[in-house]
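Engineer: Predicted model and sequence below, questions to follow.
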Amino acid sequence: MAIQEIIDSILAFDDEGAVRSVRGELDNGTDVMVILNRGLLAAMDEVGRRYAQGIFFVPEMMMAAQAMKQGLSVLRPRLEGADTAFESCIVIGTVKGDQHDIGKNLVSMMLECAGFKVIDLGTDVDAEQFVKAAQKSRAKLIAMSALLSTTLASMKAIVSEIRSGSGAPKTIVGGAPVTQEFADRIGADGYSPDAVGAVAVARHLIG
Ligand code: B1M
């Protein structure tokens, strides 16, 4: 069983194949970090490349992320204590007043697939919930999604409240009505127009 099988399974959106190939590599005695870096994470880098090239679209990215998560679930118990990006925690949610969660879930999955520990607070999340969850988990980054122009005001208020605390975590914002100009204006540390870019920004901010 070659590590390439892990990559191939994920690129073929094959959940069972991802689980089987990761188990196979573990049975072969392959180091967990090799399986993670050269198998699972390498596959997601390729997913990101295919998305950027217009070969994959959002549904393909979600299916690949789902397969990667299945493979990751086999590896996760062995990763405890290992020296990985799993040490970096991110709290994510859709902001107060907004129920849209498909894009947020995609960002959440991609961040998880990139090796971050992600605490997903769901939708309609206010500043207090974000801050409490970040303090409890010692998260280094709070990620916020908004899909309605009307909830941009919530996003602005939440970023401002997070920034007012001492030792505040960094913030990244995104969602259809959010722009780089808006992110700069409200004082967010990062912005991405899509889920693949969100991983790159998170890596830059706290990786
Ligand atoms: Co609503 N909705 N919706 N909706 N909905 C939109 C957003 C809308 C543009 C439709 C339209 O009018 N053309 C419009 C908003 C207009 C505006 O404000 N500019 C709208 C409206 C008005 C509403 C209601 C108010 C309708 C009503 O009840 N009158 C209502 C609001 C409810 C509420 O939230 N309080 C409502 C409800 C709903 C449903 C519940 C029916 C459903 C949501 C289901 C769900 O999410 N579980 C829904 C849907 C499905 C949509 C559309 C059709 C699709 C949204 C979506 O999931 N896109 C949407 C129209 C459209 O976009 N074509 C629409 C796919 C998703 C992958 O993309 O979320 O943009 P997106 O995520 C992208 C990027 O934005 C980015 O990454 C993703 C891709 O890689 N991204 C981030 C997202 N978050 C990020 C965070 C980051 C970085 C990147 O960093 C942290």
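Structural biologist: Looks like it came in fine.
Engineer: List of residues touching the longest helix along the chain?
Structural biologist: Using DSSP state H, we find that the single longest helix of the chain is helix 58-79. Residues from elsewhere that reach helix 58-79, judged by CB atoms under 8 Å, 6 or more residues apart in numbering: 6, 9-19, 21-23, 26, 32, 35-36, 39-40, 43-44, 47, 50-51, 56, 86, 106, 109-110, 112-113, 195-196. (Glycine included, C-beta is placed from N, CA and C.)
Engineer: quick one, what contacts the residue positioned nearest the centre of the chain?
Structural biologist: Nearest to the geometric centre of the chain sits residue 111, at 1.7 Å (CA atoms, centre = their mean). Counting by CB under 8 Å, 6+ apart, residue 111 touches 90, 92, 118, 143, 198, 199, 202.
Engineer: Which stretches in the protein count as strands?
Structural biologist: 89-94, 117-120, 141-145, 170-174, 190-191 (DSSP state E).
Engineer: ok, and the closest non-adjacent residue to residue 192?
Structural biologist: Nearest residue to residue 192, sequence neighbours excluded (CB to CB, 6 or more residues apart in numbering): residue 198, at 4.2 Å.
Engineer: these two touch, right, the one you found and residue 178?
Structural biologist: No. With contact defined as CB atoms under 8 Å, residue 198 does not reach residue 178; the gap is 11.3 Å.
Engineer: Look at these two and report which has more neighbours.
Structural biologist: residue 198 (27 against 23; other CB atoms under 10 Å).
Engineer: Next one, pLDDT for the residue of the chain most remote from its centre please.
Structural biologist: In terms of distance from the mean C-alpha position of the chain, residue 28 ranks first, at 29.4 Å (CA atoms, centre = their mean). If you check residue 28, the pLDDT there is 94.
Engineer: Quick check: it vs the ligand, distance?
Structural biologist: Plainly put, residue 28 is 35 Å away from the ligand if you go by CB to the nearest ligand atom, to the nearest Å.
Engineer: give me the low-pLDDT residue ranges for this protein?
Structural biologist: For the chain, the stretches with pLDDT under 70 are 1, 80-87.
Engineer: where exactly do the helices run in it?
Structural biologist: For the chain, the helices defined by DSSP H occupy 4-11, 15-27, 32-34, 42-52, 58-79, 102-113, 127-137, 152-164, 180-186, 195-206.
Engineer: which one of those lies closest to residue 172?
Structural biologist: For these, proximity to residue 172 was assessed by CB to CB; helix 195-206 is nearest, at 5.6 Å.
Engineer: wait, doesn't residue 95 sit right on residue 144?
Structural biologist: Yes. Between residue 95 and residue 144 there is a contact at 5.3 Å, judged by CB under 8 Å.
Engineer: joint contacts of the two?
Structural biologist: With CB under 8 Å, 6+ apart, residue 95 and residue 144 have common neighbours 125, 155, 158.
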